[in-house]
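> Give me a model of this one.
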Amino acid sequence: MSYVKRINDKHRERLLYLLGHMFITLAMLIRIDEKNIGGLEGSVLGTIGHSFLLLFFVITTFVVDKKYRVTFSGELYYLNILCILGQIGMIIIYWFEYFEPKEDPETELKNKTFFEYCQIIISSILIFFYLSMTFKSDNKYSAVFVGLFMITGLYIISLYRNLHQHIKTIL
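Okay, here's the model as predicted:
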């Protein structure tokens, strides 16, 4: 049995999950500098990363019957659907930031308000999913717990920034 076939059969989903987080990490490293938010490089890397995660959750929710510590199974599988929706939302956010004109005052307010609501909803969905996953019984007190808790923290920070910005826009 070839090495590639062994990886394909045994670790296909894990590889998608790992690659997804690696691409998202690269996108976030680029986007640390605020002037790079909405840039092509960060948008492409983030889209690739969230697409890998989207594919991982679609496969593990609807195609294969394997149990992973980062997915729900049985009666709670619908929580995976929340994550699928969140991944689609993150891809939309990347491209909205890229295509949204920066200096157009006529469309800026209407689109910006819609975009802020989308960000708030998507961040809330992903916070709920990752917080539920973090405190899932077989993840407590494991290395997975720390990673999931950190991801939850990132989405909480994102939600806080979006709410803070939205409140400034209203006032």
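> which residue sits closest to the one residue sitting closest to the centre of the chain in space, ignoring its chain neighbours?
By Cα atoms, centre = their mean, the mean C-alpha position of the chain lies nearest to Gln87, the distance being 4.8 Å. Leaving aside its sequence neighbours, Gln87 sits nearest to Leu54 (Cβ to Cβ, 6 or more residues apart in numbering; 4.0 Å). Bear in mind the C-beta positions are built from the backbone N, C-alpha and C, glycine included.
> Let me know whether that neighbour touches Ile81 as I believe.
No. Between Leu54 and Ile81 there is no contact, the gap being 11.5 Å when judged by Cβ atoms under 8 Å.
> And those two? Which one has more around it.
Leu54 (21 against 15; other Cβ atoms under 10 Å).
> Just give me how far the helix or strand that one falls within sits from the chain centre.
Element membership of Leu54 [criterion: DSSP states H and E] is helix 40-58. When distances are taken as Cα atoms, centre = their mean, to the nearest Å, helix 40-58 is centred 8 Å away from the chain's centroid.
> The host helix or strand of Tyr160 packs against which elements?
Take DSSP H and E as the rule and Tyr160 turns out to sit in helix 143-170. Secondary-structure packing of helix 143-170 (3 or more Cβ pairs under 8 Å, 6 or more residues apart in numbering; DSSP states H and E): helix 105-134.
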